[in-house]
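1. need a structure here:
(2 chains)
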There are 2 protein chains.
Amino acid sequence: MPSGNIDYPKPGETTRVDKTEILNTEATLHDGGVLVKVIALSIDPYLRSRMHDPNTPFESYLWYNMDAEQAAQLRVIKNDEKLPWSTYLGVLGMPGQTAYIGWKQYSQAKKGETVFVTSAAGAVGSFVVQLAKAQGLTVIASAGSDDKVEFVQDIGADVGLENGIDIYWDNVGSEMVDAALQAMNNFGRIICCGAIASYNTPNRYGIKNMHQVVEKRLTFNGFIMNDLAKDYLPDFYKTYPRMVASGKIKHREQLYYGFDGAEQALADIQKGENIAKPVVMILDEEGSKASLPNGGTTGITSRDGTLSANES
Amino acid sequence: MPSGNIDYPKPGETTRVDKTEILNTEATLHDGGVLVKVIALSIDPYLRSRMHDPNTPFESYLWYNMDAEQAAQLRVIKNDEKLPWSTYLGVLGMPGQTAYIGWKQYSQAKKGETVFVTSAAGAVGSFVVQLAKAQGLTVIASAGSDDKVEFVQDIGADVGLENGIDIYWDNVGSEMVDAALQAMNNFGRIICCGAIASYNTPNRYGIKNMHQVVEKRLTFNGFIMNDLAKDYLPDFYKTYPRMVASGKIKHREQLYYGFDGAEQALADIQKGENIAKPVVMILDEEGSKASLPNGGTTGITSRDGTLSANES
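-> Numbers count the residues shown, from 1 in each chain, chains lettered A, B, ... in the order given. Predicted structure coming up:
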């Protein structure tokens, strides 16, 4: 085991697929309870923090007992646009909503300003890039591979930093924060959305430029979208499914299949080895066990919203 | 010279008193110009950043050419309460105003919350402590000597941290930020007012707990009071001179005398060796050269607002 439980997930070692099929006879649903049949799983960087506790499995079925008030908060996705369900875990799910809510709440963006976005090919970052471009900002983006950089340019990111940064959207933490602090303009805003660079190492980087927060009158806002969702989601669902369907908001997904795929996706996203937003398909759109056209379970299928809304 | 010009000021070495009296014959005042006869100098931690440029002297007389618009922004201090002029450099000057403005603008303080204040015996910190107590907060304070801690308790700070911190007023930076991040409650606010721990060292401390900004949904606000002064100063001047005169707001000053005193004060405040807000008296209240009762120029006189509004 890695010391202090801080290291990259290792399929088959720190995660494990249990293929026994267990019927939980103690599980009973009370009034208002919900039985969940899992179609797809969203794999996101923040899940790393949930993995300190080894007892947090993904399962084919889940049941929740809840009262009427809680049940009333469940959201029925109408999907009038008939988008693949996976879309609702990425560009239209938590990551897209995180981008939308954080940007609206904290960016104070003004036309002509410059924003720097890290992990800009990711599900959150690529949405931020497009929100910023639509508002007339210059967007400087960083991403972890040539392919990712190409995607980021496809969706509108500019090249080369000529001015200082007014807004820094931080998905990374650590060294990138120091670099951004150095480049920030006075009255800049730093939106803290994630810190992937610190999730898998016991030796966290120390940020040395924080004194610039006073000199430059900077603001940092850390946030988790759930806290603000209530105020923003009605507008989000009214606007963005349509824009995704029409291709006005572009996105990429990378599909993994089955629980073996989930293991791989959990490791890939922590290392940045995924090539787009990872979604694990457990069931297909008809409710059968999801699989690749060739019958495999752990392969990867890419789908690029810039090319087609359908699986290629 | 210290390497990289980052080290503590050293009287007689990195600062120097020039006793020649020069009449600048090139100085002419245009319409709206102002000739300033210096009565007292405020010595504050932030001055360290001004000292990277060796050409920034304190002088007995200064002249400013300004247009009517600039002149209209000069503030005449009425001083109906007949407080010593030094008061208007400390509790009623930039430090007190910094505390007031930063607290009002960024604290979002609620009765029952806990605030942690560093450099709490200083001119800014001691004002923050009193604002927070008046609003019903628990105040945890740190200060650099037993005497300072005693003063901080006199003005109402509580002892021992039982709960987490909702607001951290940061005058220090570096290690203290890491400690505060660790102790912050969710949705905490960090008000960045100064970073004295980083001003005099080329080897700045690296802050390792910034990832908690996301997890705990924290906000950092760096500010400089001048940017916000316009909105807050009318109320400040209406309220606080009276409260200082009546002793409702308590404060301490440490008086240094003459330009030799200024040299010493500049060094002392960077090291935390001053015992209260340093003010350098150049002229006395009647306009004569200021000096200690014993005729000295570099001695120290303390005055404690908790005891008397007059010089002891």
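2. And the pLDDT for the residue in the stretch 51-200 of chain A that chain B sits nearest to?
-> Distance from chain B to each residue of the stretch 51-200 of chain A (CB to the nearest CB) is smallest for residue A:195, at 3.9 Å. Just so you know, the C-beta spots here come from the backbone N, C-alpha and C atoms, and that holds for glycine as well. For residue A:195, the model assigns a pLDDT of 90.
3. That one against residue B:214, yeah?
-> Yes - taking contacts as CB atoms under 8 Å, residue A:195 lies within contact range of residue B:214: 6.0 Å.
4. The longest helix along chain A - contacts with which helices or strands?
-> Looking across chain A with DSSP state H, the single longest helix is helix A:229-245. Applying 3 or more CB pairs under 8 Å, 6 or more residues apart in numbering or on different chains; DSSP states H and E, one finds that helix A:229-245 contacts helix A:94-106.
5. downstream neighbour of the helix it packs on in the secondary structure list?
-> strand A:114-117 (DSSP states H and E).
6. mind listing the strands for chain A?
-> Along chain A, counting by DSSP state E, strands occupy A:34-37, A:40-42, A:61-64, A:114-117, A:138-141, A:165-170, A:184-192, A:219-222, A:252-257, A:277-281, A:301-304.
7. Which of those strands comes out lowest on mean pLDDT?
-> Averaging pLDDT over each of the strands of chain A puts strand A:301-304 lowest, since it has a mean of 72.
8. any idea what sits nearest the residue in chain A that chain B sits nearest to, other than its immediate chain neighbours?
-> Nearest residue of chain A to chain B (CB to the nearest CB) works out as residue A:206 at 1.7 Å. Spatial nearest neighbour of residue A:206, excluding adjacent residues (CB to CB, 6 or more residues apart in numbering or on different chains): residue B:206 at 1.7 Å.
9. shouldn't that neighbour be in contact with residue A:211?
-> No - the criterion here is CB under 8 Å, and residue B:206 misses it with residue A:211 at 11.8 Å.
10. So for those two, which residue has more residues nearby?
-> residue A:211 (23 against 17; other CB atoms under 10 Å in any protein chain shown).
11. and the more buried one, how far is that from residue B:98?
-> Using CB to CB, to the nearest Å, residue A:211 is found at 16 Å from residue B:98.
12. What of residue A:52?
-> Counting by CB to CB, the gap from residue A:52 to residue B:98 is 41 Å.
13. who's more crowded, the two?
-> residue B:98 (25 against 10).
14. Would you mind confirming that that one is in contact with residue B:193?
-> Yes - with contacts counted by CB under 8 Å, residue B:98 reaches residue B:193, the gap being 6.4 Å.
15. which residues are common contacts for the two?
-> Common contact partners of residue B:98 and residue B:193 (CB atoms under 8 Å, 6 or more residues apart in numbering or on different chains): residue B:124.
16. now residue A:161: how far from residue A:168?
-> Taking CB to CB, one finds residue A:161 at 12 Å from residue A:168.
17. quick one: contacts for residue A:178?
-> Per CB under 8 Å, 6+ apart, neighbours of residue A:178: A:205, A:207, A:208, A:209.
18. 6 Å instead, please
-> A:207, A:208, A:209 (CB atoms under 6 Å, 6 or more residues apart in numbering or on different chains).
19. Please report how far the residue lying closest to it once chain neighbours are set aside lies from residue A:132.
-> Counting by CB to CB, 6+ apart, residue A:178 lies nearest to residue A:209, which is 4.9 Å off, once chain neighbours are set aside. Distance from residue A:209 to residue A:132, counting by CB to CB: 23 Å.
20. Looking at those two, which one has more neighbours?
-> residue A:132 (27 against 20).
21. which stretch among the strands of chain A comes nearest residue B:293?
-> Nearest to residue B:293 among the strands of chain A is strand A:184-192; the distance by CB to CB comes to 46.0 Å.
22. you'd agree the residue nearest to residue A:206 is up against residue A:209?
-> No - Residue B:206 is beyond contact range of residue A:209, at 9.4 Å (criterion: CB atoms under 6 Å).
23. which residues pair with the nearest residue to residue A:167 once chain neighbours are set aside across the strands?
-> Excluding the flanking residues, the one nearest residue A:167 by CB to CB, 6+ apart is residue A:115, at 4.1 Å. Here residue A:115 sits in beta bridges with residue A:139, residue A:167, as judged by DSSP bridges.
24. dump the residue contacts of residue A:115.
-> A:132, A:137, A:139, A:167.
25. Can you pick out the most distant pair from those residues?
-> A:139 and A:167 (9.7 Å).
26. picking that back up, out of residue A:161 and residue A:168, which sits in the more crowded spot?
-> residue A:168 (25 against 12).
27. What separation do you get for the residue nearest the centre of chain A and residue A:235?
-> Nearest residue to the geometric centre of chain A (CA atoms, centre = their mean): residue A:95, 3.7 Å. Residue A:95 is 17 Å from residue A:235, where distance means CB to CB.
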